[in-house]
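Peer 1: Any chance you can model this:
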Amino acid sequence: MRVVNTEKLPIKLWLDEIEDGALDQAKNLANLPFAYKWVSIMPDSHQGYGMPIGGVLATRQVIVPNAVGVDIGCGMVAVKTSLTEIDTSTLKEIMGKARNGIPVGFNHQKEPQEWDGFDNAPDLQIIQQELNSARKQLGTLGGGNHFIEIQKGDDGLIWLMIHSGSRNFGLKTANTYHKMAKSLCEKWQSNISDKDLSFLPMDTKEGSEYYKAMNYCLNFAQANRSLMMKNLSEIVSEITGATFQDEVNIHHNYASFEHHYGSDVLVHRKGATKATEGLKGIIPGSMGTSSYITEGLGNPESFMSSSHGAGRKMGRNEAKKTLDLFEEQEKMEGVVHGLRTVEDLDEAPGSYKDIDVVMENQKDLVKILVKLSPLASIKG
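Peer 2: Predicted structure coming up:
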C-alpha cells in the first residue's frame, strides 16, 4: 500500500501504477465533503464513471449511485465439483449445452422464470416498470466481461464459475437515480468537482428509495447467478455424474451500512469485494489466466475490501485495435474458448492486468485458498 496525501483526505492505493484518469477520479472522491477517513483503491483499479473501478468509498449518511455502478449487484458465483479430471470432448459437450441452455449477450429466457422475490418487489416506479421484462432476464448471463467457466483447482478438483449481475434491472435503476441525484445536486448548488459523483442524502425520499431499489437489484443479481449455476450444474451432472458443494455467491458493485473506526458509515464498493476476516471471496482473472477462491483478512485500511478481479489495462476499442489475434489465441492454448475474431479481442487476456501481480499487491487484504486454472470459457 502507498498513500497519496495531496487532497483533503488521503488516498490509499494497493498498486504501483495507476492511470491518470483513475487517479484524478480518486482525488475527486478524496475531496468530497461527506467522504470518511480516506479513499481505498484496489490493485485492479482503472477508470470508470465518476469513481474508478476497484474503488472503495465510505460516506456519512450519503449514497452515490455512480459509486455503486450501473450493473448493481454484479458479482461472482463458484461451486466445487466432485470431479478430479475432465477431457476436452466432455468440456465441449458441456459448454455447447450451456450455450443452448443459458441465454448470453442480449438474449433472454423464452418463458418467465420463477423467483419468490418477484412477489415482494418494492412499490417503486422503476422496479415495477422493469418487473415483467426481468422475469425473462432471470438466469441469463448478459454481455461484456460476464462469463461462464470450468476450471481446475490446485486442490485437485474441477470448479464451475459464473460472473454476472442484475441485467437491465440494475442499469435502469442506476441511471434513473443518478439523474435524480444530478438534478438535486444542481438545485442545491452542491460543492462537488464531478457531476458523475452526484449524491443522495439518506434522509431524503430519493436516497431512501435508491437504497431500497439497490438492495432489490442485489437480491435479483444473486438469484440470477444462482439460477444459472443450478442450470449449469444440472448439465454437468447429466454428462459426468458430478456432485457439488461449497457454493460462494458474492457481489462487487454495491453499498452497505457498516461500522468502521467507531462510526456507522455507508461503504460503496465499485468493482471491489468485501473481505472481512474469514469471509470467502472470488477473484477472477481473464479468460486465459488464473482465478482465485480467497478468504478475507479484515484489513481495516481497505474498509475490509479486496479487488474484484484482474482489472482492465486497456479499453475495449484500444484492445481491438492494438492486440494481435493470433498471439492472444496462443495464450489460450489448452482452453476451450470463443476467441475467434478481432471483435472478440476486447475480452482477450492481453486487455487485462496480470492477475498474479494483482494478487501479490493485496497479500494484506486476502489469503488464497484455491488457485483455479481455466479449462473452458464462455464470454457474454
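
Peer 1: pLDDT of the longest strand that the chain contains, averaged?
Peer 2: Longest strand in the chain, counting residues (DSSP state E): strand 366-379. Mean pLDDT, computed over strand 366-379, is 95.

Peer 1: Identify each buried residue in it, please.
Peer 2: Neighbour-count burial for strand 366-379 flags 366, 369, 370, 371, 372, 373, 374, 375, 376, 377, 378, 379 (criterion: 16 or more other Cβ atoms under 10 Å). No exception for glycine: its C-beta is placed from N, CA and C like everyone else's.

Peer 1: Over to stretch 167-185?
Peer 2: Across stretch 167-185, burial judged by 16+ other Cβ under 10 Å covers 167-174, 176-178, 180-182, 184-185.

Peer 1: closest to residue 215 among those residues?
Peer 2: residue 173 (10.5 Å; Cβ to Cβ).

Peer 1: Am I right that that closest one falls within a helix?
Peer 2: Yes: the assignment for residue 173 (DSSP: H, G, I helix; E, B strand; the rest coil) places it in a helix.

Peer 1: how close does it sit to residue 179?
Peer 2: 11 Å (Cβ to Cβ, to the nearest Å).

Peer 1: for residue 34, same thing?
Peer 2: 20 Å.

Peer 1: And for residue 245?
Peer 2: 44 Å.

Peer 1: Apart from its chain neighbours, what residue comes closest to residue 34?
Peer 2: Closest residue in space to residue 34, ignoring its immediate chain neighbours: residue 62 at 4.4 Å, by Cβ to Cβ, 6 or more residues apart in numbering.

Peer 1: partner residues bridging the one you found?
Peer 2: Beta-bridge pairing for residue 62 (DSSP bridges): residue 201.

Peer 1: wait, doesn't it sit right on residue 197?
Peer 2: No: the criterion here is Cβ atoms under 8 Å, and residue 62 misses it with residue 197 at 10.3 Å.

Peer 1: Neighbour count: the two, which is higher?
Peer 2: For residue 62 versus residue 197, the count of surrounding residues by other Cβ atoms under 10 Å is larger for residue 197: 26 against 23.

Peer 1: which residues sit in contact with the residue nearest to residue 34?
Peer 2: Contacts of residue 62 were listed using Cβ atoms under 8 Å, 6 or more residues apart in numbering, and they are 34, 199, 200, 201, 202, 207, 266.

Peer 1: how close does it sit to residue 94?
Peer 2: 46 Å.

Peer 1: Then residue 40?
Peer 2: Applying Cβ to Cβ to residue 40 and residue 94 gives a distance of 39 Å.

Peer 1: Which parts of the stretch 201-350 of the chain are strands?
Peer 2: For the stretch 201-350 of the chain, applying DSSP state E, counting those that start in this stretch gives strands covering 244-251, 253-260, 263-270, 272-274, 280-283, 291-296, 305-307.

Peer 1: Any idea which of these gets closest to residue 214?
Peer 2: Distance to residue 214, taken as Cβ to Cβ, is lowest for strand 253-260 among those, at 6.8 Å.
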